[in-house]
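Engineer: give me coordinates for this.
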Amino acid sequence: MKKKQFLMVIFTALMLLNCTQNQTKSLEKKEIKTMEQTATGLPQLHQAIIDNDEVKVHELIANGADINQLDSRMGNAPLHIASQTDNPKMIDILIKNGAFVNQITPRAGHSPLMVAAWYSKGENIKALLKAKDINIYVKSPNGGIMARDMIGGWDSSPNDNDQKRYDSLRKIIDDYEVDLKEKIAEQKIYQVVINKQLTEDQKLEKVTALIAAGEPVNTESYITGTGNDKHSPLLVASRNNYPKLVNVLLNAGANIGQRGYPMNAIAFHKGGYKGNPEVLELLVAHKDAQKYIDDQGLNNGYTPLHDAIWHNNPKAAQVLIDAGARLDLKTYEGDTPLDLAKRYNYTEIIKAIEAK
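Structural biologist: From the prediction side, this is the model:
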């Protein structure tokens, strides 16, 4: 390469590097700007909601404003602020963009639905109840009360008009609950799998018949705070160690990548942390096993193997190791599977990993 050409290449590279750095700085400044507090001491997104400025809200979200940022004074997220206002469209905007609909404030201990109930905002209650992940049974850590209990704001002697208003607000939540229970009852396979009164063989007989009748296997349970939230029949069967059920569900097309709530765990995680090697044998034999065997949890970075190790389940760990689970992936604490096993001195698992 001639000297002149070489210099041109170097010059072009430097220009591109400078542009990239400038763009990065610009994005960083834009992100910082959206997080800045206003004259009121509130973050910009909170203030835009108070000002009923939908254009500004959209602009801030587009520029990277944290949809779940808590203000530094009361710990309210944008959705808590919107739930006090008279514009339910704000609630729709925030939920559509990823607002945590059940978020509890660290100070007052209120969810957005509790806030809407407290301030007697019927349209806001309706808007929140449309959210897919809404949980009407969330309890405040301050007193253990639910949103329905907060309607009336501790008005101990309401007049007739106020009483009618409070009753109409309670009816919104009550009607939602009736509808919710009907929807839950319609999830027939799920209802059989969670039924603690049935043996596994009894469950198997009923589930097999329901599958033959065309009942779907990949339903997702509703969020009610039971411990089975957003769980499919496969997730429950994998956790509760029902290998016969797992087998029939997999053969019927159960999705091994379906996630539960709130941990976003999949069936592999359930089998790992509960120590269910028979369940894991079925999962690792699935055609999509390699897509999910190393799935890292969003909460802690744990793979199914990490989960098996953490709960000292050597047989479950061995199934995953033999199936080719990666040994180099790290948790948010920086632990590989071997690191985790050594931390707790789980010698049987240490030997299994070191033998690979």
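
Engineer: Leu79 and Pro112 touch, don't they?
Structural biologist: Yes. Under the criterion of Cβ atoms under 8 Å, Leu79 makes contact with Pro112 at 4.5 Å. Bear in mind the C-beta positions are built from the backbone N, C-alpha and C, glycine included.

Engineer: which of those two has more neighbours?
Structural biologist: Per other Cβ atoms under 10 Å, whichever of Leu79 and Pro112 has more neighbours is Pro112, with 34 against 27.

Engineer: shared neighbours, Leu79 and Pro112?
Structural biologist: Residues touching both Leu79 and Pro112 (Cβ atoms under 8 Å, 6 or more residues apart in numbering) are Ile91, Ala99, Val101, Gln103.

Engineer: and the strands in the stretch 251-356 of the chain?
Structural biologist: Counting by DSSP state E, counting those that start in this stretch, the stretch 251-356 of the chain has no strands to list.

Engineer: which stretches of it form helices?
Structural biologist: All helices of the stretch 251-356 of the chain, identified by DSSP state H, counting those that start in this stretch, fall at 267-274, 277-284, 289-292, 304-310, 314-322, 337-343, 347-354.

Engineer: out of those, deepest packed?
Structural biologist: helix 304-310 (a mean of 29; mean count of other Cβ atoms under 10 Å).

Engineer: that older thread, out of the helices of the stretch 251-356 of the chain, which gets nearest to Lys230?
Structural biologist: Proximity to Lys230 (Cβ to Cβ) singles out helix 267-274 among these, at 13.0 Å.

Engineer: what helices and strands are in contact with that closest one?
Structural biologist: Applying 3 or more Cβ pairs under 8 Å, 6 or more residues apart in numbering; DSSP states H and E, one finds that helix 267-274 makes contact with helix 233-239, helix 277-284, helix 304-310, helix 314-322.

Engineer: from the contact counts, what lies against the last one?
Structural biologist: Meaning helix 314-322. For helix 314-322, the packing partners by 3+ Cβ pairs under 8 Å, 6+ apart come out as helix 267-274, helix 277-284, helix 304-310, helix 347-354.

Engineer: dump those to JSON lines, plus mean pLDDT.
Structural biologist: Formatted as JSON lines, the helices and strands packed on helix 314-322 follow (pLDDT from 0 to 100):
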{"stretch": "helix 267-274", "mean pLDDT": "98"}
{"stretch": "helix 277-284", "mean pLDDT": "99"}
{"stretch": "helix 304-310", "mean pLDDT": "99"}
{"stretch": "helix 347-354", "mean pLDDT": "98"}
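
Engineer: give me the domain ranges for the chain.
Structural biologist: 36-181, 187-354 (automatic domain parsing).

Engineer: starting at the chain centroid, how far to the longest one?
Structural biologist: Same thing as domain 187-354. In this view, domain 187-354 has its centroid 17 Å away from the chain centroid, taken as Cα atoms, centre = their mean, to the nearest Å.

Engineer: quote the end-to-end distance of it.
Structural biologist: Terminal residues of domain 187-354 are spaced 45 Å apart (Cα to Cα, to the nearest Å).

Engineer: now the protein, which segments are flagged as low pLDDT?
Structural biologist: Confidence mapping of the chain against pLDDT under 70 gives the ranges 1-37, 39.

Engineer: in contact with the residue nearest the centre of it, which residues?
Structural biologist: In the chain, the residue lying closest to the centroid (Cα atoms, centre = their mean) is Pro262, at 4.4 Å. Contact partners of Pro262, counting by Cβ under 8 Å, 6+ apart, are Asp229.

Engineer: heads up, I number from 41, so please use that
Structural biologist: All set: I'll call the first residue 41, so the last point we hit is now Pro302.

Engineer: neighbour-wise, give me the winner out of the shared contacts of Leu119 and Pro152.
Structural biologist: Within the shared contacts of Leu119 and Pro152, neighbour counts (other Cβ under 10 Å) peak at Ile131, which reaches 28 neighbours.

Engineer: excluding its backbone neighbours, what's nearest that residue?
Structural biologist: Ala167 (4.2 Å; Cβ to Cβ, 6 or more residues apart in numbering).

Engineer: check which residues of the strand or helix carrying the one you found are buried.
Structural biologist: Using DSSP states H and E, Ala167 sits in helix 162-169. For helix 162-169, the neighbour count (16 or more other Cβ atoms under 10 Å) marks Gly162, Asn164, Ile165, Ala167, Leu168, Leu169 as buried.

Engineer: which one of the helices and strands packed on helix 307-314 lies nearest to Lys370?
Structural biologist: Closest to Lys370 of the helices and strands packed on helix 307-314, according to Cβ to Cβ: helix 344-350, at 9.1 Å.

Engineer: ok, residues contacting the closest one?
Structural biologist: If you take Cβ under 8 Å, 6+ apart as the criterion, helix 344-350 is touched by 306, 308-309, 311-313, 315, 320, 333-335, 337, 342, 356-357, 360-361, 365-367, 369, 371, 375, 377, 380-381, 384, 386, 389.
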